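Enquirer: Got a sequence here, can you build the structure:
(one chain, ligands or ions: 1)
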Amino acid sequence: STADHRVPAVAGSALRVPLVNGDSIGYANLDHGASAPCLSSVQKAVDELLPWYASVHRGAGFASQVCTRVYEGAREVLREFVGARRTDSVIFTRNTTDALNLLAKALPRGTSVVVFDTEHHAALLPWTGPRVRRIAAPATPAEAVTALDAALAECPEGPRLAVITGASNVTGELWPVAELARVARRRGARTVLDAAQLAPHRPVRITELDVDYVAISGHKLYAPFGAGALVGRADWLNAAEPYLAGGGATRQVHERAVSWTSGAERHEAGSPNTVGVHALAKACEELSANWSDVVAHEEALLRRLRAGLREVPGLRELCLFEADHERVGVVSFTVDGQDPGLLAAALSAEHGIGVRDGLFCAHLATRGLLSRAGSDSGRAVRVSIGLGTTTEHVDRLVRALRKLVAEGPDWRYEQVDGRWTP
Ligand code: PMP
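Expert: Residues are numbered from 1 along each chain as shown. Prediction:
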């Protein structure tokens, strides 16, 4: 952590990784936006639960009772973490993608959906059919609000849903969630917030933002084991066909008739991911207890990172809004004359730095951003920071980029299966 802020420790902060020259080095994981490292306290909580691992909702034995209590307790932690209404459903899913697909399947017949082109594919693609309307990338937050208002005004009568992102996974920029939710409400639309990138970095409060649904992923929230959640209004969810058909979601099964439970279990058929859910809840508690330090830590590192990147010749940062618009610790960029894939490969092989390159599962958004930045790279490099990041990682990245841009890589690389390899 930075000297001034005490933030929850991550497991693996002492990891060393091999370099192409045969040395090893402390791993600089600058890819928190893809998956964040697990918190040490989460690792401990998982360790403590594993000996008790048993079926949930199904067994009479003591270990089953323990696991059921852990699982149901986690629902309440999640409810608190996203500031949900008392009546909201908290449904455990595999991740954000799963949560948004669940909601898409649960929409009442004839629901109009309005979604920005700039969404991550998880929020862009689950909605299909003639009543889906796409909004082109706005140039300002105010334009986003006006564009959503106009698109909703043109929707036919009937239920409406507006899809909103909390923070972009390409630029980290925050979207004006409360304002978007307000115009949606005025137009009689519900809102779903893709909080995959926002929730690890800022408190999300459903009641304050006045959104209807929130989707999150545990693996971006410092918890492993494939758990996520959809939290939101129960009525559509209780009226919908179960997301999965199977054990746990049924009330009665007869030869010719099945009646399904209402409530979260309706969409959670099959043995659930107790360990993942426990890990997710533990991570949520840790973040909730440390928000001010978490935010301050990341803001200090982000300032340092962006100042450093400005010193790299030919570097173009991708921005949808103004450069000083508020963002979480995600920065994507290209460097004139440099192949983004080669830069990412050399950062890993020669400097022990993990970043991501490509279009970040947001092809429309990233292509649009590249063209706005005047870049012809076709792809970008993404650096994303979080609780596992130190000033040394940031400084190492900036130094490495400056060296790579000035001198080129120390090793020769060739493309193997589409990846640059030394
Ligand atoms: N939305 C955003 C903004 C994301 O960054 C991601 C993950 N990259 C997702 C949705 C999908 O999350 P998951 O892969 O965990 O389903």
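Enquirer: Now do A104 against the ligand, distance only.
Expert: 13 Å (C-beta to the nearest ligand atom, to the nearest Å). Bear in mind the C-beta positions are built from the backbone N, C-alpha and C, glycine included.
Enquirer: got it, and D417?
Expert: 22 Å.
Enquirer: give the contact list for that residue.
Expert: D417 makes contact with no residue under the criterion C-beta atoms under 8 Å, 6 or more residues apart in numbering.
Enquirer: in this structure, which ranges drop under the pLDDT threshold?
Expert: 1-4 (pLDDT under 70).
Enquirer: Near the ligand, which residues of it? Just list them.
Expert: Residues of the chain lying close to the ligand by C-beta under 6 Å from any ligand atom are 95-97, 120, 122-123, 165, 169, 194, 196-197, 217, 219, 361.
Enquirer: what residue of this structure is the furthest out?
Expert: Distance from the centre of the chain peaks at E255, with 42.3 Å (C-alpha atoms, centre = their mean).
Enquirer: and that residue, helix, strand or coil?
Expert: Classification of E255 using DSSP: H, G, I helix; E, B strand; the rest coil returns coil.
Enquirer: one step back: filter the residues of the chain next to the ligand down to the buried ones, PyMOL style.
Expert: Those of the residues of the chain next to the ligand that count as buried under 16 or more other C-beta atoms under 10 Å are selected in PyMOL with:
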select buried, resi 95+96+97+120+122+123+165+169+194+196+197+217+219+361
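Enquirer: Tell me which two of the residues of the chain next to the ligand sit farthest apart.
Expert: T165 and H219 (17.8 Å; C-beta to C-beta).
Enquirer: And the residue farthest from the centre of the chain, how far from the ligand?
Expert: Counting by C-beta to the nearest ligand atom - E255 and the ligand are separated by 38 Å.
Enquirer: That residue: what's it in contact with?
Expert: With C-beta under 8 Å, 6+ apart, E255 has no contacts at all.
Enquirer: can you give me the strands in the stretch 1-150 of the chain?
Expert: 16-18, 24-26, 28-29, 89-93, 112-116, 132-135 (DSSP state E, counting those that start in this stretch).
Enquirer: Would you mind saying which of those strands lies nearest W411?
Expert: Closest among the strands of the stretch 1-150 of the chain, once you apply C-beta to C-beta, is strand 16-18, at 13.3 Å.
Enquirer: how close does E285 sit to L221?
Expert: Remark: distance between E285 and L221 (C-beta to C-beta, to the nearest Å) = 11 Å.
Enquirer: ok, the two, which is more surrounded?
Expert: Using other C-beta atoms under 10 Å, the more surrounded residue of E285 and L221 is L221, with 28 against 18.
Enquirer: My guess is that one contacts A281. True?
Expert: No - counting by C-beta atoms under 8 Å, L221 does not reach A281; the two are 10.1 Å apart.
Enquirer: Could you pull out the buried residues of stretch 57-68?
Expert: 64, 66-68.
Enquirer: Out of the residues you listed, which is nearest to the ligand?
Expert: Using C-beta to the nearest ligand atom, C67 is the member of the buried residues of stretch 57-68 that lies nearest the ligand, at 23.8 Å.
Enquirer: pretty sure that closest one is in contact with R58, am I right?
Expert: No - if you go by C-beta under 8 Å, C67 and R58 don't touch, sitting 9.6 Å apart.
Enquirer: so where do the helices sit in the stretch 101-250 of the chain?
Expert: For the stretch 101-250 of the chain, the helices defined by DSSP state H, counting those that start in this stretch cover 121-124, 141-153, 177-186, 206-209, 234-239.
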